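*Asks:* Give me the fold of what follows.
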Amino acid sequence: MSERCGWVGLEDIYVEYHDTEWGVPEYDSRTLWEKLILDGFQAGLSWITILKKRDNFRAAFQGFDPNIIATWGEEDVLRLLQDKGIIRHRGKIEATIGNARAWQEIEAREGFDRFLWKYVDYVPLQNTWQTQAEVPAYTELSTQISKDLKKAGFRFCGPTIVYAFMQAMGMVNDHLMECPCHAPVNALPRHDFN
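*Replies:* Below is the predicted model of the structure:
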């Protein structure tokens, strides 16, 4: 019997995330932004910590609506720093507000979805890793996307964070070959950007 990817813990919330969400291509601009922000909040922490707090994050950040968050200021930062349901890190909170403004500019210009998916010619990369040790922490592509995001005004988006985001959003299929999710994710229909 094949086994799930080695990073998946035993908790139901972890298994469900791996089986139904991680690696599945995401094309909605706002949802992509949410995933990038949560990967930024994860920096220095385990993903299960973020996963358990995700609903609290969604409530605290108005459903991750970047058009609302872009209007926030110091009063909102102070409010969020008091919210025990989220990661209370001033730098990450301030970056989220700035990242919302950067998202708005990209979204207006070309669409955040297109901005990201053009890096892989709009088709997910299919990796064939046999072991978790083979999976990189970052790649040349994640480094390039990180540089371009920073140039656009994003923060907390280094190459490692961006690669985790690429995995989560399905830009790359990094389910191990023996994982029961690898083939189904690979077989998902491609999105039409026209």
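
*Asks:* May I see the buried residues of stretch 122-129?
*Replies:* The neighbour-count check on stretch 122-129 (16 or more other CB atoms under 10 Å) flags Tyr122, Pro124, Asn127, Trp129 as buried. Just so you know, the C-beta spots here come from the backbone N, C-alpha and C atoms, and that holds for glycine as well.

*Asks:* repeat for stretch 66-79
*Replies:* Pro66, Ile69, Ala70, Trp72, Asp76.

*Asks:* I figured the fourth one hits Ile97, correct?
*Replies:* Yes. Here Trp72 lies in contact with Ile97, judged by CB atoms under 8 Å, at a distance of 5.0 Å.

*Asks:* now, which of the buried residues of stretch 66-79 lie within helices?
*Replies:* Judged by DSSP state H, these include Pro66, Ile69, Asp76 as members of helices.

*Asks:* Check what pLDDT the first one gets.
*Replies:* Predicted confidence (pLDDT) at Pro66: the value is 98.

*Asks:* Enumerate every residue touching it.
*Replies:* Contacts of Pro66 were listed using CB atoms under 8 Å, 6 or more residues apart in numbering, and they are Arg30, Trp33, Asn99, Ala100, Trp103, Gln104, Glu107.

*Asks:* one more time with 6 Å, if that's ok
*Replies:* Contacts for Pro66 (CB atoms under 6 Å, 6 or more residues apart in numbering) come out as Trp33, Ala100, Trp103.

*Asks:* Now it: closest residue in space, sequence neighbours ignored.
*Replies:* Ala100 (3.9 Å; CB to CB, 6 or more residues apart in numbering).

*Asks:* picking that back up, of the buried residues of stretch 66-79, just say which sits nearest to Leu45.
*Replies:* Ile69 (20.9 Å; CB to CB).

*Asks:* Which secondary structure state does the nearest residue to the closest one once chain neighbours are set aside sit in?
*Replies:* Ranked by CB to CB, 6+ apart and with sequence neighbours excluded, the top spatial neighbour of Ile69 is Ala100, at 3.9 Å. What DSSP: H, G, I helix; E, B strand; the rest coil gives for Ala100 is helix.

*Asks:* I'd say Ala100 and Ile68 touch.
*Replies:* No. Between Ala100 and Ile68 there is no contact under CB atoms under 6 Å: 8.0 Å.

*Asks:* how much space between the nearest residue in space to Val120 that is not next to it in sequence and Tyr122?
*Replies:* On the basis of CB to CB, 6+ apart, the spatially nearest residue to Val120 that is not a chain neighbour turns out to be Met171, at 5.7 Å. Distance from Met171 to Tyr122, counting by CB to CB, to the nearest Å: 10 Å.

*Asks:* any shared contact partners between these two?
*Replies:* With CB under 6 Å, 6+ apart applied, the contact sets of Met171 and Tyr122 do not overlap.

*Asks:* Only alpha carbons, please: show whatever helix or strand Asp55 lives in as PDB.
*Replies:* Asp55 is part of helix 47-60, with elements assigned from DSSP states H and E. Included here for helix 47-60 are C-alpha records, laid out as PDB according to Å, rounded to 0.1, in the frame of the first residue of the first chain:
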ATOM      1  CA  TRP A  47       2.600  24.300   9.100                       C
ATOM      2  CA  ILE A  48       0.300  22.500  11.500                       C
ATOM      3  CA  THR A  49       0.400  25.600  13.700                       C
ATOM      4  CA  ILE A  50      -0.900  27.700  10.800                       C
ATOM      5  CA  LEU A  51      -3.400  25.100   9.800                       C
ATOM      6  CA  LYS A  52      -4.900  25.000  13.300                       C
ATOM      7  CA  LYS A  53      -5.200  28.800  13.300                       C
ATOM      8  CA  ARG A  54      -6.300  29.300   9.700                       C
ATOM      9  CA  ASP A  55     -10.000  29.900  10.600                       C
ATOM     10  CA  ASN A  56      -8.900  32.400  13.200                       C
ATOM     11  CA  PHE A  57      -6.700  34.100  10.600                       C
ATOM     12  CA  ARG A  58      -9.600  34.300   8.100                       C
ATOM     13  CA  ALA A  59     -11.800  35.900  10.800                       C
ATOM     14  CA  ALA A  60      -9.100  38.400  11.900                       C
END
